[in-house]
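Student: Sharing a sequence plus its predicted fold:
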Amino acid sequence: MGRENIDNWHVRKCAKVCDGCKEGFKNKQQLHSRLFFDEGEYMRQDYCEKCDEKAAPALSTWKTIFIVPPPPAEETVKKENAESLLRKLLAKENEDDLNAIFILMVMLERKKIFVERDTQKAEDGRKLRIYEHKKTGESFIIIDPELKLDQLDHVQEEVVTLLGGKPRTAEPELPAEPEENNRELSKDTKQD
């Protein structure tokens, strides 16, 4: 190929606006893309039909369709929300929250926010897990409730609800019956 700086293979995505007239592309609009080599880098430029005729010659050209990118997928559980809920539940020191605390800690461990440093046995025989926050260095001692497999779904649903989400097993809400149907039903039951 004869190019000096061939290790720059990253070329930007399709632009949202025409590189000629600066007008925004509409969803499913046909456009023309051109690839140039300038100052040791590959550069992509995208043009509307009208501006493509005036564009400079390029190494490569092609037609494409502009698709409006979908909004970024929202995480089912945001890291900050899970961590703030964990801290809130730990501060309450409520025995009923042990399962949710454990599941939240495991979630945050998988997200690489916490790392398990040790496991100990408490005087009462329960298993304690010692976690460290990777950024702050804080240590947390979590009681392992030693959940059984058949308990996990229920606890995970509880955590999703605590985080403000809708449980996967939630029944769809039925639309309220109109007042007239209720009145007619009550008349029918009175006649019997």
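Tutor: Happy to help now that I have it.

Student: Walking through this structure, point out its helices one by one.
Tutor: Here the chain has its helices, by DSSP state H, at 49-52, 79-92, 98-110, 149-162, 179-191.

Student: quick check: domain ranges of the chain?
Tutor: 1-70, 79-162 (automatic domain parsing).

Student: rewinding a little: quick check: which of the helices of the chain is buried the most?
Tutor: helix 98-110 (a mean of 19; mean count of other CB atoms under 10 Å). C-beta coordinates here come from the backbone N, C-alpha and C atoms, glycine included.

Student: quick one: that one to helix 149-162, angle?
Tutor: Put simply, helix 98-110 runs at 80 degrees to helix 149-162, going by axes from the mean of the first three to the mean of the last three CA atoms, to 10 degrees.

Student: Identify all contacting residues around helix 98-110.
Tutor: Outside helix 98-110, the residues within contact range by CB atoms under 8 Å, 6 or more residues apart in numbering are 77, 79, 82-83, 85-86, 89-90, 114-116, 129, 131, 140, 142-145, 147, 151-152, 155-156, 158-159, 162.

Student: returning to what we had before: which stretch among the helices of the chain comes nearest V68?
Tutor: helix 49-52 (18.1 Å; CB to CB).
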